[in-house]
Each structure stands twice: as C-alpha cells, then as structure tokens.
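Student: From the sequence below, what's the structure:
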Amino acid sequence: MKSPEQMRDDSTLAFLASHAKKSKEPINPVFRHGAGVVYEIEGVDLSFERIKSYEQEKLLSAAGAKPFPACPKCSSLLLSVQLNCPDCKRQSLARSEIMIHYECEYSGPVEEFVSQKDAEYVCPKCSKTLKRVGIEYGKPGIGFKCRDCGRVFQYPLVNITCSGGHQSKLDELDLKPFPVYKVNDEIQGFADLADYFLAIQKALAKSGIEVEVLARVRGQSGVVHIIPLTVRTGKMQAVVDFILNEAGSDAKVLQKILRSADLGQHVALLFVPASLVSQLAGMVNPEKIRLLAIPGNDPDAVAREVIKVVG
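Tutor: All right, here's what the predicted structure looks like:
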C-alpha cells in the first residue's frame, strides 16, 4: 500500500496549488451528459474517481455536498423529463400565457383571444369583445393546453425516465450527494513549484522554443494528464517532468512510465535527483523516457539541459 507521500505527483500538486492561488471558490461537482459527474479545475474535467484519489492523497478535503436527482431503482443520474396532460396523459402540450373570460368561463392561451384591433381581445367561444382586465377577463399566468383533449391547466403531470428506462414521478426521485472539495492549506506552498516551472518556460522561450506550463495533455486512453512543461520544436514533441526528491521514487517513476506509454508520440524528459539516475535507468525505455539529473534549483540550467535534447 503506497503512502500518500509516495502517491503524490509534483505536477498535480503544482496544478492544484495554481488553482488555489487563482480561486478561493470550492470545487463543485457538475453533471456532464456522456461523462457523468465530473469536477472542473482550470478548464479540465476530472472524473469523480480521480478527485476521490486526490482526497485519499490528502490533497483535497470535503467541504460540503451537492445532491443530484437519481433514479430510485438504479441510481442513474441520466434522467429525462416528460410533461403530460393530467386528463388524457398525453404529451401534446402547448405552453403559453393563459387568459380566462369570466362570463362564459372559457380559458385558453392568450393567442386565441387576440383581436385584429389593438388593445382588444375577443373570446373565441362566445365572440364577445373583452376590454377590462380584472372585470371582463383575467390572466392568471403561464399555463399549458393539451392539443389532443383541449384541457387547459397550470401544472402538468411530471414523469421522469432514466437511461435504464425506469419511470418515476418527481416526488419519487432519490437525491445522490457528491462531495464539494477545497484544496488543502498545505498545498498552497506548491504554488512556488508552479513558479519554478514558469521560470523554466521563460528561459526556454528566450531560445524560441514553444513551451506550455502545467499543460493538459489527453492520452490515448482519454485520460487528461497534467504535465509540468510541454515542449514543441521542429525536431520533436516532448514532455518535461520531474521527480524532485528520493521519497517514494520507485512508485513515482512507475507512474511516469505509465503516463509516458499513454502519451504516445511524446518523448519524456524526466529530471530526477542525480543520485537516482543510475538506479532508475534500468526501469525506463530510453527511447521514450530520457533520464536527466536535476541541475540544482536553477531554472536556466534546466532549460539548457532541455535544449540539448530538443534543440
């Protein structure tokens, strides 16, 4: 069982810290058709499972909950709403402002009362002209008329069908809560790490190299990976990644290997402490992952090492 320190990924820490630095708002769940419940951070939709793993790694803490309506039979969140006539139970409804003629008690959509003369209504049932609102006619508000049976009403029957075909009434739905999260205070310090990546970007930009910091790269599996730096030149596309200390290095390098395999055509430049280069060399495919010793805390020195490979 990996400890939280072993599981943590430095680019994820910097990503969350960068978000926390920009926004104090909680991270709310949202429902996306085709994806289910996701959490949007910095324009990236992260799955509930991934966010849950961040909570297990002590990166995020629950700060409340947001419920979503769910099918009481199968818990599906993918629901569709049908509005039905309370009399004939059909769905052929028209929504409109409702008007009622008090004398003959006819009610219907206001469009049925419209006269060719301005500011004048004519009852479609008795053909009387209606001029005085509140005396001759009233407008109780928005309502519905069934095109099939002619019934006029304010509140239709509401039926819910889930993606599994189960039907429920509105008051039968379950509420399925999902946590609302906040970034833990200890992660705030990793904003300095994001600044370190930015400094490397600036150093590379001076050489005319196209670089993106904390880039969102979609892998072949469809998973969005948060990468410290992506580099594009006429020679290659590369991702620049880091293992900044020796703690849990075996677990971290395994994570980098799996990520590299998912990224396909990208070559990974993986900076690690100098003491780990020979130790990790046998674990990686040098055609996919180039191990480089971290040249201290100097962003310019890191940039020079990157240029040697991609320039």
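
Student: Identify the bridge partners of the closest residue to V267 other than its chain neighbours.
Tutor: Distances taken as C-beta to C-beta, 6 or more residues apart in numbering place A238 nearest to V267, at 4.7 Å, with adjacent residues excluded. (Each C-beta comes from the backbone N, C-alpha and C, glycine too.) Legend: beta-bridge partners of A238 under DSSP bridges are V231, V267.

Student: Could you check how far A238 is from V310?
Tutor: With distances taken as C-beta to C-beta, to the nearest Å, A238 is found 5 Å from V310.

Student: try P156
Tutor: In terms of C-beta to C-beta, P156 sits 63 Å off from V310.

Student: Could you do A268 as well?
Tutor: A268 is 12 Å from V310, by C-beta to C-beta.

Student: intersection of neighbour lists for those two?
Tutor: A238 (C-beta atoms under 8 Å, 6 or more residues apart in numbering).

Student: Now the phi/psi pair for the nearest residue to T233 once chain neighbours are set aside, please.
Tutor: Nearest residue to T233, sequence neighbours excluded (C-beta to C-beta, 6+ apart): V310, at 5.0 Å. When read as degrees, to the nearest 10, the backbone of V310 gives phi -100, psi -20.

Student: List the contacts of V310.
Tutor: Applying C-beta under 8 Å, 6+ apart, we find V310 in contact with 209, 231, 233, 235-236, 238, 269.

Student: So A199 belongs to a helix, correct?
Tutor: Yes. A199: assigned to a helix according to DSSP: H, G, I helix; E, B strand; the rest coil.

Student: How many residues are close by it?
Tutor: Neighbours of A199 under the rule other C-beta atoms under 10 Å: 17.

Student: what's the answer for F113, then?
Tutor: Counted with other C-beta under 10 Å, residues neighbouring F113 total 21.

Student: how far away is it from A268?
Tutor: Taken as C-beta to C-beta, the span from F113 to A268 is 72 Å.

Student: what does G219 give?
Tutor: Separation of G219 from A268 (C-beta to C-beta) stands at 12 Å.

Student: same check, this time on S23
Tutor: From S23 to A268 the distance is 30 Å (C-beta to C-beta).

Student: Next, the buried residues of stretch 178-193.
Tutor: Across stretch 178-193, burial judged by 16 or more other C-beta atoms under 10 Å covers 178-184, 187, 190-191, 193.

Student: if we take the residues you listed, which one ends up nearest to E105?
Tutor: Distance to E105 across the buried residues of stretch 178-193 (C-beta to C-beta) is lowest for F178, with 49.2 Å.

Student: Quick check, that closest one in contact with A62.
Tutor: No. Contact criterion C-beta atoms under 8 Å: F178 and A62 do not qualify, at 9.8 Å.
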